[in-house]
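In: I'd like to go over a predicted model; first the sequence, then the structure.
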Amino acid sequence: MKPHRTRPLILRVMTCSLFLAADTFVEAQQKTANYDESKVGNHPLPPVLGEGNSIANSSAAWEQNRRPELFKLFEEHVYGQTPQPNQWGPVEFKILAEKKDALGGKATRQLILATLPQHPSWKGMEIMLHIPNEGKGPFPCFIMPSFGGNHAVSTEPDVPLSTRWMRPNKEKNIVANRATEATRGTESSRWPLAMIMDGGFAVATYYYGDVEPDHPDGWREGLRAALSKDGADTNWQPGQWGAIGAWAWGLSRIADYVEKQPRLRGDQLIVLGHSRLGKTALWAGAQDKRFGVVISNNSGEGGAALMRRNFGETTAVITKAFPHWFTSTYSNYANNETSCPVDSHELIALMAPRPVYIASAVEDTWADPKGEFLAGLHAQPAYDLYGKKGLGTETHPGLNQPVGEHIGYHIRSGKHDVTDYDWQQFMAFARRHFKTN
Ligand code: GCU
C-alpha cells in the first residue's frame, strides 16, 4: 500500500474535492432538514426483546439468544463485522516517551505506538495516556478518540505533531491535509486534562486517522486494507466492516494496553466519543464488554439517535456523505428506515446491564437530541431483565438537568461540542457506578 503523499496529485485533488463536496452537501442538508416535531412520523420501533415465542424474558435468554441476534443484525445492517484476533495477530506496544511531570506535575504522560507486526503496511497508532500523579490509584480510565491528534488534545509543546492525513480545516490550521504547529492545542477545550486528573481519572486517546483516514478512499491507507486478504475490494461487500468499525477496533486496542497497567483499573474502563466518534464509542462498547461504562456525546444519526425519526440528519444524508463509515448494506435504508431490522434503542440495549450515558446539546438539532433521549428510553426492557433502573422519566428533561441511573442522559445548553459540563457529568456517572470518590 502506497503512503498517501506518493499518490499522484490528481488522485489527491480528487480525494480532497470529494471530501469538500461531502461537507458542502451536509451543510446544505442541515439548512433544509426537518426540525418540526409534528413531521417526524410515528413509526413503531422494533421490539428490543424480540417477538412471538422468541421474546427474551430473562437475562439468561437475553445473553444466550436475543443479544447475539441483535448484535449480528447490527453487524449485517449497520457497521459490518470486525475481523477476529487471529486475523490481525499480536499487537505490539512500544513506549515512545514518558514524561513524569506533564500538566505542570499533575500527570505522568506516556506516548505509546501500537502496531501489528504481521501487517506492517498499517503504520500503527500513537496512544497518549495521562495518569494522575496525585492520589492512591489504581485509577479508572477514559478511552476516547480525537479528531485532531495528540498534539491537538494537549497544549504541551513536546507532544509530537501528527504527520498523518487530516480533514481540511482552516480554523484548525490544517494545511494541505497535514497538521501544522498552529494546530497544537486546538482540541484542548474538549479535553480538560487537568480537571480529569483532579477528578481521579486517567485518560487515553489516539488520533482516529491513525487507524484510517476519514474519507471514502481512506481505507486504502488504513487498517482495513492492511488486514484484507483478498485485496481492498472486499471492504465494500455487504457485512464487511466500515470505518466506524475500524476506529472502534482502535479503542479496544487501547483497552488492551491500559488494562495491563498497574496504576490503572482494567476493570474500570470508560469508552467515550463525540459525534462520529460517539457513534464509534457506542459500537466499541457494544463489541467489547471490558468497557464498563459507555458514553455517547452528540453522536446523532448512525449513533444514539433513532433512525426512524425524520428529524435532523437522515439515513439518506449520512450514507451519501459518509458511505465509508458503515457497511454498504446500511445505505439500503436511505428513505426506507422502517425496513431496517434494528434501530438505535437496540444499540443502547446491547450495553445492558452496563451503565450507558447519552449526552445531547440543545443547539445540536442536526443530531436530534430527542431521538437520542428516546433511544435511551426504549432500551429499558433489556435493563429491566437485570432489575436495573434506566432514565427514570419518559419526559425529555430540561436543560442541564441530568437524569437516570443505569441509563444516564443530559441535554445541555450550547452547541455540538464536548464541554467541561459534559465531562463533569461523565465523571460523576462513572464515579457512581465504579463507587470511587
Ligand atoms: C456531520 C455528520 C454527523 C457527524 C458529524 C461529526 O455533521 O453529518 O453524522 O456526527 O459530522 O462527526 O462531526
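Out: Yep, that arrived.

In: give me every residue that touches the closest residue to the ligand within the stretch 101-250 of the chain.
Out: Distances between the stretch 101-250 of the chain and the ligand by C-beta to the nearest ligand atom are smallest at residue 147, namely 7.6 Å. For glycine as for every other residue, the C-beta is placed from the backbone atoms N, C-alpha and C. Going by C-beta atoms under 8 Å, 6 or more residues apart in numbering, residue 147 touches 167, 187, 207-208, 274, 277.

In: Those: which two are farthest apart?
Out: Largest separation among the contacts of residue 147 by C-beta to C-beta: 167 and 274, giving 14.6 Å.

In: looking at this, residue 359 is in a strand?
Out: Yes - according to DSSP: H, G, I helix; E, B strand; the rest coil, the state of residue 359 is that of a strand.

In: Which residues are in contact with it?
Out: Each residue near residue 359 by C-beta under 8 Å, 6+ apart is listed here: 295-298, 409-412, 422, 425-426.

In: nearest to the ligand, of these?
Out: residue 298 (7.1 Å).

In: Who are the packing partners of the stretch of helix or strand residue 145 belongs to?
Out: Secondary structure assigned from DSSP states H and E places residue 145 in strand 139-146. Using 3 or more C-beta pairs under 8 Å, 6 or more residues apart in numbering; DSSP states H and E as the contact test, the elements touching strand 139-146 are strand 125-132, strand 202-207, helix 243-258, strand 264-274, helix 276-287, helix 420-434.

In: who touches the second one?
Out: In this structure, residues lying in contact with strand 202-207 by C-beta under 8 Å, 6+ apart are 114, 125-132, 139-150, 153, 162, 164, 191, 193, 196, 250, 254, 257-258, 263-264.

In: quick one: the helix or strand just after it to chain centroid distance?
Out: Sequence order places helix 208-211 as the next helix or strand after strand 202-207, per DSSP H and E. Relative to its chain's centre, helix 208-211 lies at 12 Å (C-alpha atoms, centre = their mean, to the nearest Å).

In: Just the C-alphas of helix 208-211, formatted as PDB.
Out: What follows is helix 208-211, C-alpha atoms only, in PDB (Å, rounded to 0.1, in the frame of the first residue of the first chain):
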ATOM      1  CA  TYR A 208      -8.700   8.300  14.700                       C
ATOM      2  CA  GLY A 209      -7.000   8.900  11.400                       C
ATOM      3  CA  ASP A 210      -4.100   6.800  12.600                       C
ATOM      4  CA  VAL A 211      -6.400   3.800  12.100                       C
END
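
In: Output the contacting helices and strands for it.
Out: strand 125-132, helix 243-258.

In: which stretch of helix or strand covers residue 68?
Out: For residue 68, the element it lies in under DSSP H and E is helix 67-74.

In: which residues sit against that helix?
Out: The contact list for helix 67-74, computed with C-beta under 8 Å, 6+ apart, reads 48, 50, 56, 283, 286, 341-342, 346-347, 349-350, 352, 382.

In: Buried among those? Need that as a selection in ChimeraX.
Out: To isolate the buried members of these in ChimeraX, using 16 or more other C-beta atoms under 10 Å:
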select :48,50,56,283,286,342,346,347,349,350,352,382
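
In: residues in contact with residue 188?
Out: By C-beta under 8 Å, 6+ apart, the contact set of residue 188 is 152-155.

In: can you list those in TSV and add pLDDT, neighbour count and secondary structure?
Out: Shown next, in TSV, are the contacts of residue 188 (pLDDT from 0 to 100; neighbours: other C-beta atoms under 10 Å; DSSP: H, G, I helix; E, B strand; the rest coil):
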residue	pLDDT	neighbour count	secondary structure
152	98	26	helix
153	98	26	helix
154	98	23	coil
155	98	15	coil
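
In: got those as JSON lines, with distance to residue 307 columns?
Out: Listed next are the contacts of residue 188 as JSON lines, based on distance: C-beta to C-beta, whole Å:
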{"residue": "152", "distance to residue 307": "31"}
{"residue": "153", "distance to residue 307": "31"}
{"residue": "154", "distance to residue 307": "36"}
{"residue": "155", "distance to residue 307": "38"}
